[in-house]
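K.L.:
okay, structure incoming, though there's no sequence with it:
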């Protein structure tokens, strides 16, 4: 039977290899205590190891080490500390340590394998876990019978913890944990608590079925608070017969009912500032379920104390806790660090339904194509936007009601006849459009909304964004809704990248602080914490106060500019969306 020793090596091992310790260090001590056929050593490597400065410094390793040895490391401890700081976790240190250890292990016949591993930082938990799992997977695929020993002492406490966690994900591998509690003495076996092993086995059975076999949960418990999106993500990510929301009276979860099948909604009131209350409420409710029910717990919403209570309940019950990392578009299974991509939302309607408390779309808001004449008109108005800006005051008086008019000004001839025929002449145009009672409103700014829509449409066709809408109207005429006697809230343009709702406010004239605040509120109300606002305007904002308001509200600005055309500004945002999707995209 092959006997494997898997371990990180740390500063104490490095110091021992240099002769700076009174012992041979943890790893050499373990090899002296009992035989191993194979030793897999993981070495943390600094991120700057490959830089020119670090490579240059490493060339002086031997000379500086010999100088310290000539004096004696105990006589110049400052030089010793500086040497360790300079060379630890570099290729020079790794090469020295492995050569030294192979010489130490030569008589035993152990096969020494060294793996250099770069981490974002010394306690990069996800990176350490990925490295540990790769090492265990490597050993698991070795032929013949084998026993694996995981050495907890070398490295950081996080590295030790992750070895224990990773070991639980290989239930069929013969393995044990060892640690050195006394310097100079051989390591001892460290057993994992039986209760933890039993709970973990139950949890892993559910997790593996969920992840590997496509099965989901019988019940998912969601921590619910001010932000609703984490619960919607949990509902969409996993199929579940029932969804139970833990919330305070301040944040009722009734708004989640439209997204859940009939009879699958549940709600439990907890004290959001009492972790024990959350823990006990979940445990008490689960006790009513069948013994082998698959339980998931969505930790993403609620307070930190609710998180702590729900996590402890998950571990007590063998449930699967998970957390949605929206910026990285992934869901992490807390106790295994397995990650998978968040399922994208390809429509704007779920965002609006989630955050509007029952408002309905008042009318269809897609643009079903545009005639060549309409497109040419829109593009011409953009080219002559400075001329149009001077006409808005005269046009505004015809916008509220249907009123025939004839306006000849700024090189344009606009006419709306009694039979609702609209006519346009000027700048190479000679057009007539039937049945256009809202022609004045179009000239006052609707044309700019259509222009921005047309610039965004190719990105929807290419799959960069989804469900591009124009003139989205949310009906306010329902029980319990009040909005300054308005019939509806209107969003000029909306779309989604699959994870956030983008709201675009289009301004054909000058921009005011009130209009910026309106967009900011629309994003906050309907987009939630992940919502994104874009202010598209024909002309750059003309006051510093408006510019500051846009910046403070963290809005993206698309503005008419000779130096940076608005199509290029739109492309910049779309390229950013595409790049973010590629960098964070994970297979579901």
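P.N.:
That came in fine, so what should we check first? Every value quoted in this text rests on a predicted model; they were computed, and no experiment measured them. Numbers count the residues shown, from 1 in each chain.

K.L.:
low-confidence regions, the stretch 401-550 of the chain specifically.
P.N.:
The model of the stretch 401-550 of the chain has pLDDT under 70 over residues 475-488.

K.L.:
to clarify, my last question referred to the chain.
P.N.:
For the chain, the ranges with pLDDT under 70 are 171-172, 183-184, 192-215, 336-337, 358-369, 475-488, 583-588.

K.L.:
any idea how it splits into domains?
P.N.:
Listed by automatic domain parsing, the domain ranges of the chain are 2-192, 198-343, 346-588.

K.L.:
would you convert the ones you listed into JSON lines that also reports mean neighbour count?
P.N.:
To be clear about C-beta, it is placed using only N, CA and C from the backbone, and glycine gets the same treatment. Shown next, in JSON lines, are these (neighbours: other CB atoms under 10 Å):
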{"stretch": "domain 2-192", "mean neighbour count": "17"}
{"stretch": "domain 198-343", "mean neighbour count": "18"}
{"stretch": "domain 346-588", "mean neighbour count": "17"}
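
K.L.:
the helices in the stretch 351-500 of the chain, which residues?
P.N.:
In the stretch 351-500 of the chain, the helices defined using DSSP state H, counting those that start in this stretch lie at 372-383, 385-389, 392-396, 439-441, 447-461.

K.L.:
indicate which one of those is closest to residue 259.
P.N.:
When the helices of the stretch 351-500 of the chain are compared by CB to CB, helix 447-461 sits nearest residue 259, at 24.2 Å.

K.L.:
what packs against the closest one?
P.N.:
Here helix 447-461 touches helix 372-383, strand 466-475, strand 488-496, strand 501-507, helix 566-584, going by 3 or more CB pairs under 8 Å, 6 or more residues apart in numbering; DSSP states H and E.

K.L.:
got TSV for those, with distance to residue 259 too?
P.N.:
Converted to TSV, the helices and strands packed on helix 447-461 look like this (distance: least, CB to CB, whole Å):
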stretch	distance to residue 259
helix 372-383	37
strand 466-475	17
strand 488-496	16
strand 501-507	15
helix 566-584	24
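
K.L.:
so which of those comes closest to residue 23?
P.N.:
Using CB to CB as the measure, helix 566-584 is the one of the helices and strands packed on helix 447-461 that comes nearest residue 23, at 45.8 Å.

K.L.:
report the angle between that closest one and strand 488-496.
P.N.:
60 degrees (axes from the mean of the first three to the mean of the last three CA atoms, to 10 degrees).

K.L.:
tell me if I'm right that residue 266 and residue 241 touch.
P.N.:
No: the criterion here is CB atoms under 8 Å, and residue 266 misses it with residue 241 at 10.7 Å.

K.L.:
before we move on, back to that, closest to residue 109 out of the helices and strands packed on helix 447-461?
P.N.:
Nearest to residue 109, of all those, is helix 566-584, at 46.2 Å by CB to CB.

K.L.:
show me what that closest one is packed against.
P.N.:
helix 447-461, strand 556-559.

K.L.:
ok, the residue in the chain sticking out farthest from the centre to residue 442 distance?
P.N.:
The outermost residue of the chain relative to its centre, with distances by CA atoms, centre = their mean, is residue 418 at 55.0 Å. Relative to residue 442, residue 418 is positioned 18 Å away (CB to CB, to the nearest Å).

K.L.:
find the nearest non-adjacent residue to residue 314, please.
P.N.:
Excluding its sequence neighbours, the residue lying closest to residue 314 (CB to CB, 6 or more residues apart in numbering) is residue 321, at 4.0 Å.

K.L.:
isn't the one you found up against residue 297?
P.N.:
Yes: using CB under 8 Å, residue 321 is in contact with residue 297, at 4.7 Å.

K.L.:
mutual contacts of those two, please.
P.N.:
310-311, 314 (CB atoms under 8 Å, 6 or more residues apart in numbering).

K.L.:
hmm, back to that, what's whichever strand or helix holds the residue nearest to residue 314 in contact with?
P.N.:
Assigned by DSSP states H and E, residue 321 falls within strand 320-325. By CB under 8 Å, 6+ apart, the surrounding residues in contact with strand 320-325 are 203, 206-207, 210, 217, 230, 233-234, 237, 294-300, 310-311, 314-315, 330-335, 342.

K.L.:
now swap in stretch 569-582 and tell me
P.N.:
Around stretch 569-582, the neighbours that count as contacts under CB under 8 Å, 6+ apart are 329, 452, 455-456, 459, 464-465, 497-498, 534, 556-559, 561.

K.L.:
which two from those end up farthest apart in space?
P.N.:
The distance between the two most remote of the contacts of stretch 569-582 (CB to CB) is 31.8 Å, for 329 and 561.

K.L.:
so which residues of the stretch 151-300 of the chain form strands?
P.N.:
Ranges of strands in the stretch 151-300 of the chain, per DSSP state E, counting those that start in this stretch, are 175-179, 188-189, 217-223, 240-247, 265-269, 295-298.

K.L.:
export those strands to CSV and tack on distance to residue 140?
P.N.:
Output for the strands of the stretch 151-300 of the chain, formatted as CSV (distance: least, CB to CB, whole Å):
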stretch, distance to residue 140
strand 175-179, 10
strand 188-189, 21
strand 217-223, 28
strand 240-247, 32
strand 265-269, 41
strand 295-298, 27
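
K.L.:
so for residue 402, which of the ones you listed sits nearest?
P.N.:
In terms of CB to CB, the element of these nearest to residue 402 is strand 265-269, at 46.3 Å.

K.L.:
just checking, what packs against that closest one?
P.N.:
Strand 265-269 is packed against strand 240-247, helix 275-286, with contacts defined by 3+ CB pairs under 8 Å, 6+ apart.

K.L.:
and those: which comes nearest residue 305?
P.N.:
That would be helix 275-286 among the helices and strands packed on strand 265-269, by CB to CB, at 4.4 Å.

K.L.:
from the chain's centroid, how far away is that closest one?
P.N.:
A distance of 28 Å separates the centroid of the chain from that of helix 275-286, by CA atoms, centre = their mean, to the nearest Å.

K.L.:
stretch 501-515 now?
P.N.:
Averaging C-alpha positions (CA atoms, centre = their mean) puts stretch 501-515 28 Å from its chain's average.

K.L.:
try stretch 216-231
P.N.:
Centroid separation between stretch 216-231 and its chain, computed with CA atoms, centre = their mean, is 17 Å.

K.L.:
distance to residue 68 added to the helices of the stretch 351-500 of the chain, as a markdown table?
P.N.:
Shown next, in a markdown table, are the helices of the stretch 351-500 of the chain (distance: least, CB to CB, whole Å):
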| stretch | distance to residue 68 |
| --- | --- |
| helix 372-383 | 73 |
| helix 385-389 | 74 |
| helix 392-396 | 80 |
| helix 439-441 | 82 |
| helix 447-461 | 61 |
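
K.L.:
looking at those, spot the one closest to residue 260.
P.N.:
Nearest of the helices of the stretch 351-500 of the chain to residue 260, taken as CB to CB: helix 447-461 at 29.2 Å.

K.L.:
now residue 443. Nearest residue, chain neighbours left out?
P.N.:
Counting by CB to CB, 6+ apart, residue 443 lies nearest to residue 395, which is 5.2 Å off, once chain neighbours are set aside.

K.L.:
hmm, that neighbour is touching residue 406, no?
P.N.:
No: if you go by CB under 8 Å, residue 395 and residue 406 don't touch, sitting 11.7 Å apart.

K.L.:
tell me who's in contact with residue 47.
P.N.:
Applying CB under 8 Å, 6+ apart to residue 47 gives the contacts 118-120.

K.L.:
follow-up on the earlier one: out of the helices of the stretch 351-500 of the chain, the one nearest residue 154 is which?
P.N.:
Nearest to residue 154 among these is helix 447-461 (51.3 Å), distances taken as CB to CB.

K.L.:
coming back round to it: neighbouring strands - and their directions - for the strand holding residue 321?
P.N.:
Counting by DSSP bridges, the strands paired with strand 320-325 are strand 295-298 (parallel), strand 330-333 (antiparallel).

K.L.:
great, nothing more from me.
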